[in-house]
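>>> 3D, please:
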Amino acid sequence: MDESKYDQEYEYEEHRDVGVTSVGLPPGQLALIIGVNAVISLVIAISVVLLANRQVLPGDLATSAIETSDSVAQGSQPEGTTTPTVNPVEEEALPESTPLQSVSYVVEEGDTLGLIAEKFSVSLSDLMIANGLSNQDLIQIGQELTIPLAGVSTATPTFTPMLIPTETPLPFDPPTPLPADAEIPREPAVTVGPSPTPIPTSTPPPFNEINVVISEVTGAGDLVRETLVILNKGAGTSLRDWKLEGSSLGVFIFPDIFLFSGGSIRVHTAAGENTPSDLYLNQGEPAWPPGTTIILNDGSNSEMSRYVVP
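The predicted structure is shown next:
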């Protein structure tokens, strides 16, 4: 009797080890639950790592964390359980997040407008327009910039029509008509009278005549600037032995120099080196102070020109 009792207990223990586990579930179902939880835990861990390494840009909405928490909550529930449904009417309304329109940024060492625009994912032109910049290279360290995250609104040009002035006719009185029986007067004949007095014109001397004159004296009384100018208005001629008289310093005689028609020669009172166009008298004081009468005589002592220094 005792032996059969022991045999029955042994068979029961063997049947229990084969059919169920210590938690009351079959081994296959327990392995499936453990495998599913392991996969969900791996997905959650990978998602957390990706979210931690993701660069958050300005204007991003924090929705990933909410979705992740929902997925964690759903994945952590044991199989066979249900999530209570929340009535949308009873759920507290969350305020909507308004994306940022612009942010401020302080320029740091090594920054350029291109790098700043790339950093905030905005166009370079919008960044320059928002800050009133015309040269992308002119920024300074410590300068505060406005970053237009939402872009720059383009202003629509407005055109004001310009009124075109209309021509106002000038008032005038129409001519008074003549009576029907009036005689139209005849046009007067041309009146012939004495010719008007002709305007005298200067007659230039013949081209083949000698006409050398003193045209001006500049810097009169100043030794450094005093200069007498002689102009040839006639035929070309040699000034050899011609004389300049009237100076208190004496009479000055020209060397053998030829003066072409229309040419001129300058006579300087100060010292210098003679050239075909400039002669120097090498004097120590002015020769023609204001009021001096200068006479130009040719080689035969005939007066060619007379000039009074003003």
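
>>> Now do the contacts for residue 256.
Residues counted as contacts of residue 256 (CB atoms under 8 Å, 6 or more residues apart in numbering) are 238, 239, 240. (Glycine included, C-beta is placed from N, CA and C.)

>>> what do you get if the cut-off is 10 Å, keeping everything else the same?
Neighbour list for residue 256: 238, 239, 240, 241 [criterion: CB atoms under 10 Å, 6 or more residues apart in numbering].

>>> Distance of residue 139 relative to residue 145?
For residue 139, the distance to residue 145 (CB to CB, to the nearest Å) stands at 8 Å.

>>> How about residue 287?
According to CB to CB, residue 287 and residue 145 sit 78 Å apart.

>>> now residue 308
79 Å.

>>> Just want to know which of those two has more residues nearby.
residue 145 (22 against 12; other CB atoms under 10 Å).

>>> which element is the more buried one on?
strand 144-148 (DSSP states H and E).

>>> partner strands of that strand, parallel or antiparallel?
strand 102-106 (antiparallel) (DSSP bridges).

>>> buried sites along the strand it pairs with?
102, 105 (16 or more other CB atoms under 10 Å).

>>> what is the mean pLDDT for that strand?
Averaging pLDDT along strand 102-106 yields 88.

>>> now swap in stretch 130-145 and tell me
Mean predicted lDDT for stretch 130-145 stands at 86.

>>> Just the buried positions in that stretch, please.
130, 133, 139, 145.

>>> Also stretch 221-231?
Burial within stretch 221-231, assessed by neighbour count using 16+ other CB under 10 Å, is assigned to 221, 226, 227, 228, 230, 231.

>>> What of stretch 260-277?
Neighbour counts over stretch 260-277 (16+ other CB under 10 Å) mark 265, 267, 268, 269, 270 as buried.

>>> ok, the last one - contacts?
Just to be clear, that refers to residue 270. So residue 270 contacts 219, 222-227, 280-287 (CB under 10 Å, 6+ apart).

>>> Repeat that for the first one.
Remark: with contacts taken as CB under 10 Å, 6+ apart, residue 265 is in contact with 212, 228-232, 239, 254, 257, 259, 275-279.

>>> what about 7 Å?
By CB atoms under 7 Å, 6 or more residues apart in numbering, the contact set of residue 265 is 230, 259, 277, 279.

>>> Just name the closest of the residues you listed to residue 112, please.
residue 277 (65.4 Å; CB to CB).

>>> Spell out, range by range, the helices that occur in the stretch 101-250 of the chain.
In the stretch 101-250 of the chain, the helices defined using DSSP state H, counting those that start in this stretch lie at 113-119, 124-130.

>>> For these, give me CSV that also has distance to residue 35.
Putting the helices of the stretch 101-250 of the chain into CSV (distance: least, CB to CB, whole Å) gives the following:
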stretch, distance to residue 35
helix 113-119, 45
helix 124-130, 52
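
>>> Can you say which of those helices is packed in most?
Of all these, helix 124-130 has the most neighbours on average by mean count of other CB atoms under 10 Å, namely a mean of 16.

>>> quick one on the thing from earlier: give me the buried subset of the contacts of residue 256.
Those of these that meet the buried threshold are residue 239, by 16+ other CB under 10 Å.

>>> just the contacts of residue 256 now: which is nearest residue 44?
Using CB to CB, the contacts of residue 256 come closest to residue 44 at residue 239, 118.8 Å.

>>> Confirm for me that that closest one is in contact with residue 257.
Yes: here residue 239 reaches residue 257: they are 5.2 Å apart, a contact under CB atoms under 7 Å.

>>> before we move on, back to that, for residue 27, state which of the contacts of residue 265 is nearest.
residue 277 (130.3 Å).

>>> bridging residues for the residue nearest to that closest one when sequence neighbours are not counted?
Nearest-residue entry for residue 277: residue 265, 6.0 Å, with adjacent residues in sequence omitted and distances by CB to CB, 6 or more residues apart in numbering. On the basis of DSSP bridges, residue 265 is bridged to residue 230.

>>> low-confidence ranges in the stretch 151-300 of the chain?
Regions of the stretch 151-300 of the chain meeting the criterion pLDDT under 70 cover residues 152-175, 185-208.

>>> Of the buried residues of stretch 221-231, just say which sits nearest to residue 291.
The nearest member of the buried residues of stretch 221-231 to residue 291, counting by CB to CB, is residue 221 at 9.7 Å.

>>> gap between that closest one and residue 288?
8 Å.

>>> Repeat that for residue 127.
Residue 127 is 77 Å from residue 288, where distance means CB to CB.

>>> Make sure residue 237 is actually in contact with residue 210.
Yes: taking contacts as CB under 7 Å, residue 237 lies within contact range of residue 210: 5.0 Å.
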